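Colleague: show me the folded form of this:
(chains A and B)
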Amino acid sequence: QSVLTQPPSASGTPGQRVTISCSGGSSNIGINPVGWYHQLPGTAPKVLIHSNNQRPSGVPDRFSGSKSGTSASLAISALQSEDEADYYCATWDDSLKGWVFGGGTKLTVL
Amino acid sequence: QVHLQQSGPGLVKPSQTLSLTCAISGDSVSTNRAIWNWIRQSPSRGLEWLGRTYYRSKWYTDYAISVKSRISVNPDTSKNQFSLQLNSVTPDDTAVYYCARDLHGAYYYDYWGQGTLVTVSS
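Modeller: Numbers count the residues shown, from 1 in each chain, chains lettered A, B, ... in the order given. Next up is the predicted model:
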């Protein structure tokens, strides 16, 4: 139902590298920068990556983002237990003239 | 440091109007740099952008197509805040509502309010 498509779940063990995909279209990811957010239960989302691959200050370099065509990816390396959270991608859609979000990916650290 | 503080009722009756306010500290609602947004989150709809307001020599507003007929987002320069009004609510409007800031040209939300759970029920 969400305009941007993410896998509902992902998992990894401590120390592993995990990637989360975000698929969109020519009116959103294809032409606008993508941001990634993580969200802990009961709290507001917090930006991890903006402008496809830029980390705000304070975000560890274990988190990285990329974009190709109408898809984007978030990679988390050296996975830690505190990375267990929900992750969302978001961007502006020029056709809808509004922000669009992915449905979210629940990351489990096994 | 920017801080967004939300206020408003947590329970609204069906067919009535949902009203929330987002008070801004550390920035100005009238700045030319920022855009002030309302976003909601529910299990059924996920994260959903509702609308925004911003000042660029005059005030602008944009609304999501899904709520365009019944939403209003307004700045209040005297109190340095902005508000959300959603009319004719139904139980489907039950969600956690957030206010959030993004900067012009930045394409991401850098500050969020704490969130307000609004339940639509009689």
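
Colleague: next, name the residue at the spatial heart of chain B.
Modeller: B:Trp38 (2.6 Å; CA atoms, centre = their mean).

Colleague: which is the next helix or strand following the helix or strand containing it?
Modeller: Counting by DSSP states H and E, the element that carries B:Trp38 is strand B:34-42. Using DSSP H and E, the helix or strand that follows strand B:34-42 in sequence is strand B:46-55.

Colleague: straight-line length of stretch A:24-36, end to end?
Modeller: 14 Å (CA to CA, to the nearest Å).

Colleague: ok, that stretch near chain B or not?
Modeller: Yes: using CB under 8 Å from any CB of the partner chain, stretch A:24-36 reaches chain B at A:32-33, A:35. Bear in mind the C-beta positions are built from the backbone N, C-alpha and C, glycine included.

Colleague: could you pull out the buried residues of that stretch?
Modeller: A:24-25, A:27-29, A:32-36 (16 or more other CB atoms under 10 Å in any protein chain shown).

Colleague: now stretch B:20-39
Modeller: Residues of stretch B:20-39 classed as buried: B:20-24, B:27, B:29, B:34-39 (neighbour count, 16+ other CB under 10 Å).

Colleague: among those, which are in reach of chain A?
Modeller: Okay, of the buried residues of stretch B:20-39 touching chain A (CB under 8 Å from any CB), that's B:37, B:39.

Colleague: could I get the buried residues of stretch B:20-39 as TSV with pLDDT?
Modeller: Shown next, in TSV, are these (pLDDT from 0 to 100):
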residue	pLDDT
B:Leu20	98
B:Thr21	98
B:Cys22	98
B:Ala23	98
B:Ile24	98
B:Asp27	97
B:Val29	97
B:Ala34	96
B:Ile35	97
B:Trp36	98
B:Asn37	98
B:Trp38	98
B:Ile39	98
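
Colleague: how about low-confidence regions in the chain?
Modeller: With no chain named, the answer covers chain A. Judged by pLDDT under 70, chain A has no weakly predicted residues.

Colleague: can you name the residues of it that neighbour chain B?
Modeller: Residues of chain A lying near chain B (CB under 8 Å from any CB): A:1-2, A:32-33, A:35, A:37, A:43-47, A:50-51, A:56, A:88, A:90-92, A:96-104.

Colleague: try it again with 7 Å
Modeller: Residues of chain A that fall close to chain B, judged by CB under 7 Å from any CB of the partner chain: A:2, A:32-33, A:35, A:44-45, A:47, A:50-51, A:88, A:91-92, A:96-99, A:101, A:103-104.
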